[in-house]
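J.: what's the 3D shape of this:
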Amino acid sequence: MSAQPGAARSLLATVVGYAIVAIIVLVLFHFIIGTILWLFRTLVIIVVIVGLITIYLRLKSPPDDD
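T.: Next up, the predicted model:
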């Protein structure tokens, strides 16, 4: 008994379809993770800059004489 050509093509089409879906999911996953990391990095940079400006202004201001 030989394998049916239609069954082999159907199996191959299923494998190719799953491969396409996997590639799309990976690309979207990397895009989403990259966006989240970019937002986190931006937030950290803003917090560091605000912190440095706050420290600078506290050190620059004259001491309070009571």
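
J.: got the residue ranges for the helices in the chain?
T.: 5-60 (DSSP state H).

J.: low-confidence ranges in it?
T.: 1-3, 65-66 (pLDDT under 70).

J.: hmm, try it at 90
T.: 1-9, 60-66 (pLDDT under 90).

J.: what about Leu28, neighbour count?
T.: 10 (other Cβ atoms under 10 Å). Glycine gets a C-beta too; all of them are placed from N, C-alpha and C.

J.: ditto for Ser61
T.: Ser61 has 8 nearby residues by other Cβ under 10 Å.

J.: same check, this time on Leu43
T.: Leu43, neighbours per other Cβ under 10 Å, totals 10.

J.: can you check Thr42 too?
T.: 10.

J.: swap in Ile24?
T.: Using other Cβ under 10 Å: Ile24 sits among 10 other residues.

J.: do the same with Pro5
T.: The tally of other residues near Pro5 (other Cβ under 10 Å) stands at 8.

J.: From Gly17, how far off is it?
T.: Per Cβ to Cβ, to the nearest Å, Pro5 is found 18 Å from Gly17.

J.: ditto for Arg9
T.: 12 Å.

J.: With Leu59 instead?
T.: Per Cβ to Cβ, Leu59 is found 63 Å from Gly17.

J.: Compare neighbour counts for the two and give me the winner.
T.: For Leu59 and Gly17, the more surrounded residue by other Cβ under 10 Å is Gly17, and the numbers stand at 10 against 7.

J.: Go ahead and produce PDB holding the CA coordinates of stretch 14-31.
T.: C-alpha atoms of stretch 14-31 as PDB (Å, rounded to 0.1, in the frame of the first residue of the first chain):
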ATOM      1  CA  THR A  14      -0.700  22.000   8.000                       C
ATOM      2  CA  VAL A  15       3.000  22.100   8.900                       C
ATOM      3  CA  VAL A  16       3.600  25.100   6.700                       C
ATOM      4  CA  GLY A  17       0.600  26.900   8.200                       C
ATOM      5  CA  TYR A  18       1.700  26.200  11.700                       C
ATOM      6  CA  ALA A  19       5.200  27.500  10.800                       C
ATOM      7  CA  ILE A  20       3.700  30.800   9.400                       C
ATOM      8  CA  VAL A  21       1.600  31.300  12.500                       C
ATOM      9  CA  ALA A  22       4.600  30.600  14.700                       C
ATOM     10  CA  ILE A  23       6.700  33.200  12.900                       C
ATOM     11  CA  ILE A  24       4.000  35.800  13.100                       C
ATOM     12  CA  VAL A  25       3.500  35.100  16.900                       C
ATOM     13  CA  LEU A  26       7.300  35.400  17.500                       C
ATOM     14  CA  VAL A  27       7.500  38.700  15.600                       C
ATOM     15  CA  LEU A  28       4.500  40.100  17.500                       C
ATOM     16  CA  PHE A  29       5.900  38.800  20.800                       C
ATOM     17  CA  HIS A  30       9.300  40.400  20.200                       C
ATOM     18  CA  PHE A  31       7.500  43.600  19.200                       C
END
